[in-house]
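**Student:** below is the structure, and that's it, no one-letter string:
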């Protein structure tokens, strides 16, 4: 009798696990292609996760401290919600929606539950996520738009705005360059070479035609940093190592990529900064005359950051509420057209502080530290390429969020959930399965 019951439960868990994988795959692939389909898959996946969590036999995993972070964040949200509804009653419904969006960042735990520290599973999910971005770009862009972009026009291919499009393409560029580097260091098939080169070219051209300064700056800093690290490693290995072709070729690739990207973005940056308003912004900032900063692309950010920080200081611990950014902007000393066009503060860190104060920032910071600790687990001799690649994408994400509020949009949320889920999986689980799916 007991054996039959065990067989029943094992079979039921297996079906739940399989259904969860299907839902997670659809969720990761379709969010840019069909948001409704992705939301439906999300609901199924969350249900599967709840069932899997309830039946988890290991108490150390089931009651891990990461769930204390989730509980603390939800309690903070409930506390702040009552204040926000009372302070901004016209935005009460939007407060709930925005709070739910922020809570979804913790879905990275559910993703980790399915990956369970298995490298093959992590690779599969990341490739599905990236494949969805590529398919979406193919569906939304046209040859005419690409040609217009190459001719100097700024294009966004119909996404939220060019900043978000540049974010997607920047991710593809990082993955493409990393893949090419891997192909150079190890023998790979012509198919892999072709795929890596195509992805790199797509990402490179894409970040140029979207003309987003924050993304271009982040990529330049990352490539420069990687180049310095590679040079330091070569110097540590001794002078004779410089004459080993296997080491020099990847170095030349990094140098070539850096030169190519800088060469491509300099005209774009010159074009974006040559605008008279932007020149005046930079000059006013250097002179310390913030009141004289005009409301240009950069100027809007400077004004919103200064005002946003002032509002943070009014409620530093718990913030104003998840959707209070819009009424706070309405109360700000901005021209009417700025209030009408912009409803956020162009900085994810400032958005978190305004929404949930330093307590919210602390909780999300601890969650992010767990993600990064899990990512560093991949820094062994076999998985170091994946570890470096994932860490690079996080550095990229951290930099660009200084200049745009990606985290309050779906673009940042899905990145945090999927890529963050990979990190949490290696943090939660001991990595005993890491040898499975090792890079060959």
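**Tutor:** Perfect, thanks for sending it. None of these values were measured; they are calculated from a predicted model.
**Student:** contacts and neighbour counts: CA atoms only from here.
**Tutor:** Fine.
**Student:** so where's the stretch 301-440 of the chain shaky on pLDDT?
**Tutor:** Judged by pLDDT under 70, the stretch 301-440 of the chain has its weakly predicted residues at 381-382, 430-440.
**Student:** would you map the helices across it?
**Tutor:** Secondary structure of the stretch 301-440 of the chain (DSSP state H, counting those that start in this stretch): helices located at 325-331, 336-341, 348-376, 384-400, 410-428.
**Student:** how about those, which one is nearest residue 213?
**Tutor:** helix 384-400 (9.2 Å; C-alpha to C-alpha).
**Student:** what angle separates the closest one from helix 410-428?
**Tutor:** If you take axes from the mean of the first three to the mean of the last three C-alpha atoms, to 10 degrees, helix 384-400 sits at 140 degrees to helix 410-428.
**Student:** of the helices of the stretch 301-440 of the chain, which stretch is the most buried?
**Tutor:** With neighbours taken as mean count of other C-alpha atoms under 10 Å, the helices of the stretch 301-440 of the chain reach their highest mean count in helix 410-428, at a mean of 25.
**Student:** got the angle between it and helix 348-376?
**Tutor:** Using the same axes, to 10 degrees: helix 410-428 against helix 348-376 is 30 degrees.
**Student:** which residues touch helix 410-428?
**Tutor:** Residues outside helix 410-428 that contact it (C-alpha atoms under 8 Å, 6 or more residues apart in numbering): 28, 61, 64, 101, 104-113, 115-117, 122, 125-126, 129, 164, 368, 370-375, 377, 390, 406-407.
**Student:** now swap in stretch 318-335 and tell me
**Tutor:** Applying C-alpha under 8 Å, 6+ apart, the contact partners of stretch 318-335 are 76-77, 80-81, 83-84, 88, 91, 94-96, 98-99, 102, 307, 312, 339, 343-345, 351, 353-360.
**Student:** can you list the domain ranges for this structure.
**Tutor:** Domains of the chain are assigned by automatic domain parsing as 1-55, 122-256.
**Student:** nearest to residue 400, of those domains?
**Tutor:** domain 122-256 (5.5 Å).
**Student:** which residues in the stretch 151-300 of the chain form helices?
**Tutor:** Here the stretch 151-300 of the chain has its helices, by DSSP H, counting those that start in this stretch, at 162-185, 190-210, 213-236, 245-273, 276-286, 297-314.
**Student:** the closest residue to residue 155 other than its chain neighbours and residue 151, how far apart?
**Tutor:** Once flanking residues are discounted, residue 155 sits nearest to residue 210: 5.3 Å by C-alpha to C-alpha, 6 or more residues apart in numbering. To residue 151, residue 210 is 12 Å away according to C-alpha to C-alpha, to the nearest Å.
**Student:** pLDDT weak spots in the stretch 1-150 of the chain?
**Tutor:** When residues are selected by pLDDT under 70, those of the stretch 1-150 of the chain lie in 1-10.
**Student:** separation between residue 372 and residue 124?
**Tutor:** As judged by C-alpha to C-alpha, residue 372 and residue 124 stand 20 Å apart.
**Student:** which parts of whichever strand or helix holds residue 139 are buried?
**Tutor:** Assessed by DSSP states H and E, residue 139 sits inside helix 119-140. Within helix 119-140, the residues scored as buried using 16 or more other C-alpha atoms under 10 Å are 119-123, 125-126, 128-134, 136-137.
**Student:** got the angle for that helix vs helix 162-185?
**Tutor:** Angle of helix 119-140 versus helix 162-185, following the same axes, to 10 degrees, is 130 degrees.
**Student:** what's downstream of helix 119-140, the next helix or strand?
**Tutor:** Heading C-terminal from helix 119-140 (DSSP H and E), you reach helix 143-150.
**Student:** what sits up against that following helix?
**Tutor:** For helix 143-150, the external contacting residues (C-alpha under 8 Å, 6+ apart) are 154, 155, 157, 205, 208, 209, 210.
**Student:** picking up where we left off before, okay, residue 210 and residue 151: which has more neighbours?
**Tutor:** Taking neighbours as other C-alpha atoms under 10 Å, residue 210 and residue 151 compare with residue 210 leading, 28 against 10.
**Student:** hang on, the more buried one packs against residue 165?
**Tutor:** Yes - between residue 210 and residue 165 a contact is recorded at 7.0 Å, counting by C-alpha atoms under 8 Å.
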